[in-house]
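# quick one, what's the 3D model for this:
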Amino acid sequence: MLTLALLTSKQMLQVSDINNLPQQYFKLLTKLGLRSFFMYLVAIAWMYVVLMMSVAEAASPNGSLLGAFTTLVFYGALPLGIVLYIMGTPGRKRARRAQEAAQAQNSAASVQPDASGHAAPGVAGEGAGPAADAPVRKES
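Residues are numbered from 1 along each chain as shown. Presented below is the predicted three-dimensional model:
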């Protein structure tokens with residue numbers, strides 16, 4: 001039996017089954033909001049590798065600064081930007097849905113009538129005033 005304790009600032013997770021470890025670890029990362037952290041960690045590591053490739057290209061006897069720049073752009077910035085955009089789509093979608101839900105909740109709360117018990121001006125009934133007693137046209 002394997003027991004693993006991951007101590008975090010929010011909670012402690014104990015896993016007693018090695019087969020269940022990836023699911024438990026993913027759930028913990030989700031609760032702590034660290035799922036996107038590892039995506040950015042991989043992106044930073046990839047940019048480091050591409051930067052070292054660019055430095056090696058610029059420093060080699062047969063290399064050039066133009067080759068180093070194209071290596072940096074076409075092996076690093078462009079593919080990484082595309083991948084991060086695609087991988088960030090679910091997070092942007094969740095944020096947009098949460099914002100729309102908050103706006104819908106706020107608009108629903110603002111439409112509720114006042115609880116004064118009096119009729120609104122211009123509506124027939126008690127306390128309506130002269131606007132409710134408008135003359136009705138007679139048929140000829």
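
# so who does residue 50 touch?
71-72, 75-76, 80 (CB atoms under 8 Å, 6 or more residues apart in numbering). In this view, the C-beta of every residue, glycine as well, is placed from N, C-alpha and C.

# now, which of the residues you listed lie within strands?
By the criterion of DSSP state E, membership of those in strands covers no residue at all.

# roughly how far apart are residue 68 and residue 43?
The span separating residue 68 from residue 43 equals 20 Å under the rule CB to CB, to the nearest Å.

# these two: which is more packed in?
Using other CB atoms under 10 Å, the more surrounded residue of residue 68 and residue 43 is residue 68, with 19 against 16.

# the domain parsing of this structure - what is it?
Residue ranges for the domains of the chain, per automatic domain parsing: 1-33, 36-105.

# now, which of the contacts of residue 50 sits nearest residue 23?
Compare each of those with residue 23 using CB to CB and the shortest gap goes to residue 80, at 28.4 Å.

# wait, what's in contact with the closest one?
Shown here is residue 80, whose contacts under the criterion CB under 8 Å, 6+ apart are 43, 46-47, 50.

# again, only this time at 10 Å
The contact partners of residue 80, by CB atoms under 10 Å, 6 or more residues apart in numbering, come to 42-44, 46-47, 50.

# which one among these gets closest to residue 22?
Among those, and counting by CB to CB, the member closest to residue 22 is residue 42, at 16.9 Å.

# picking up where we left off before, mind putting the contacts of residue 50 in TSV, distance to residue 107 and pLDDT included?
As requested, these are arranged in TSV below (distance: CB to CB, whole Å; pLDDT from 0 to 100):
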residue	distance to residue 107	pLDDT
71	51	95
72	48	95
75	48	95
76	45	95
80	39	94
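
# count the residues that sit near residue 51.
Residues contacting residue 51 under the criterion other CB under 10 Å number 15.
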